[in-house]
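> give me coordinates for this.
(chains A and B)
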Amino acid sequence: MGEISDARELNAIVCRQSAWTKDIAQFHYCFIDQMLKIPGPFGFKGAERHAAPEFGFEADGFPHSSVPYNVKGRVLGVKFVGAYVIPDAYGRSGPEQYAKSYYGHDYLKYQWKITNKKVDYHFALNENLPAVIEVFGGRFATVDPCYYDQAYQGGYHGDNGPYVDEGGYSLAINQTYNRLKADPSIDVDGWNNIYTLYPAQFWEGGRCLRALGYDRDEVIRRLTGKVQLVRALLDGVYVVLNDNPDITYDEYYAMNVEYKALLGLV
Amino acid sequence: VVPEPIVPPRSPLGNLDEILPNPNTRVLTGTEANALNTPNRGVIYVQENSSMSQAARDFQSGCTGAFCDPVSGRDAAPALRFDNNVTNGNNFIRFDGIERSADGQGIVLIDRKLRLADFNRGAIASTETTFRRVAEAVRQNPGYQVVYEFPNQAALTAANNLIRDLKLQGVVTTRIAGPR
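Numbers count the residues shown, from 1 in each chain, chains lettered A, B, ... in the order given. The predicted model follows:
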């Protein structure tokens, strides 16, 4: 699966319900305070403390739909951006609809090259990430190498593509995924559905109930002894299925087949 | 018996040839565009005034429907008009190209990017805001679509990842640029 991306990189994201209605400056101060105690790659230990990011505008006065921020002085080679997001910035959801979707979430995004020697990947996935999810108050989180999730969702196999159709649009040949996407009642890999399993992920308790049909304790029961790590975290569950940064696409695909069967997912 | 000629269904947007660049297309300045009568709907052509790298300019100028205004000598950008609730904001959004939709019934406006910035806080804020603006303009203009074009698979994959992370699927469409 080399051609879908030009670099072997790991991508991670942690999302939480938007803090927009609260005092962002206060939340940010407390959050950074705790993150400065957590080492990298996910924590900010050793980084510079900074003021809370401020709401911005485009040159013509159009308000920004999020307040992104960078943090200097973290682990070398680990890209990071965080953002506080205005939940209904796209006008697609009022408060009620927003509460039933994953649109408009504050996020922490990370990316680093698999070859980065400064990152202890085993520590990052098994100890570091859950600590950050906890202080951020996460609702969902994923770690994905090399954009394998797009390949899995699109139904690609091998190194030969094509990944796009003759019009240049991404080619989706995964009939199961396409069928789920076509159903407007299903938020694929979102609010009420889990289609893709990642090497590491966090699901909030409600998502376990909606997407799996059982609670997080049942997730722990089904996976204990069969996966690298499964444990309760906040009101949900944190699962590590594979902590090899050099995981191949074939291994990623097999990981999905094996553990989706255990969880009862299609 | 002479078979009846096949008449393509009429587009709800009217004669698309009049919307696409044609010999009668007039290119407006930004000031002229903002002074147009309401309603702020449909496509106009506006002089381009952006500053960008040569690589980005070269990529954009190869877009379907891109052309140079023979009167001013400046690049002309197709622009979608919309009611902007920002007091001093433009009532239009510039794009890099324009074409018929695949079904022949609508218009696709094209914006070309070498790559979406995904870790620079300033660029991310602008990108998200642009998407928000585009979503609003498309909502106000039924029959028009917007697609973002990228030069290669790697840039497309990274963009799709960002759009998914921002939960903007359905708001923004992407594809690889190429001859069609």
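> so A:Leu262 is in which element?
helix A:249-263 (DSSP states H and E).
> residues contacting A:Val188?
The contact partners of A:Val188, by Cβ atoms under 8 Å, 6 or more residues apart in numbering or on different chains, come to A:Tyr177, A:Leu180, A:Lys181, A:Tyr195. To be clear about C-beta, it is placed using only N, CA and C from the backbone, and glycine gets the same treatment.
> buried sites along the longest helix seen in chain B?
Using DSSP state H to define each element, chain B has its longest helix at helix B:121-140. Going by neighbour count (16 or more other Cβ atoms under 10 Å in any protein chain shown), the buried part of helix B:121-140 is B:121, B:124-138, B:140.
> so it, near chain A or not?
Yes: contact of helix B:121-140 with chain A (Cβ under 8 Å from any Cβ of the partner chain) involves B:121-122, B:124-126, B:128-129, B:131-133, B:135-136, B:139.
> which outside residues touch the next helix or strand after that helix?
Next in sequence after helix B:121-140, counting helices and strands by DSSP H and E, comes strand B:144-150. For strand B:144-150, contacts defined as Cβ under 8 Å, 6+ apart pick out A:168, B:13, B:43, B:63, B:80, B:95-97, B:101, B:106-116, B:134, B:137-138, B:156, B:159, B:172-177.
> pLDDT below threshold where in chain B?
Chain B contains residues with pLDDT under 70 at B:6-10, B:50-51, B:167, B:179-180.
> which residues of it fall in strands?
B:27-28, B:43-47, B:67-68, B:75-81, B:92-94, B:97-100, B:107-112, B:144-150, B:173-176 (DSSP state E).
> same deal with chain A?
So, for chain A - with DSSP E - the strands run A:9-16, A:66-69, A:79-85, A:106-113, A:140-145, A:200-203, A:229-233, A:236-240.
> now tabulate the ones you listed in JSON lines and tack on distance to A:Glu127, mean neighbour count and mean pLDDT.
Conversion of the strands of chain A to JSON lines gives the following (distance: least, Cβ to Cβ, whole Å; neighbours: other Cβ atoms under 10 Å in any protein chain shown; pLDDT from 0 to 100):
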{"stretch": "strand A:9-16", "distance to A:Glu127": "14", "mean neighbour count": "22", "mean pLDDT": "94"}
{"stretch": "strand A:66-69", "distance to A:Glu127": "25", "mean neighbour count": "23", "mean pLDDT": "89"}
{"stretch": "strand A:79-85", "distance to A:Glu127": "18", "mean neighbour count": "21", "mean pLDDT": "92"}
{"stretch": "strand A:106-113", "distance to A:Glu127": "15", "mean neighbour count": "22", "mean pLDDT": "94"}
{"stretch": "strand A:140-145", "distance to A:Glu127": "13", "mean neighbour count": "24", "mean pLDDT": "95"}
{"stretch": "strand A:200-203", "distance to A:Glu127": "11", "mean neighbour count": "23", "mean pLDDT": "98"}
{"stretch": "strand A:229-233", "distance to A:Glu127": "9", "mean neighbour count": "17", "mean pLDDT": "98"}
{"stretch": "strand A:236-240", "distance to A:Glu127": "10", "mean neighbour count": "23", "mean pLDDT": "98"}
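> would JSON lines of those strands with distance to chain B be doable?
As requested, the strands of chain A are arranged in JSON lines below (distance: least, Cβ to the nearest Cβ, whole Å):
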{"stretch": "strand A:9-16", "distance to chain B": "6"}
{"stretch": "strand A:66-69", "distance to chain B": "4"}
{"stretch": "strand A:79-85", "distance to chain B": "4"}
{"stretch": "strand A:106-113", "distance to chain B": "7"}
{"stretch": "strand A:140-145", "distance to chain B": "8"}
{"stretch": "strand A:200-203", "distance to chain B": "14"}
{"stretch": "strand A:229-233", "distance to chain B": "21"}
{"stretch": "strand A:236-240", "distance to chain B": "19"}
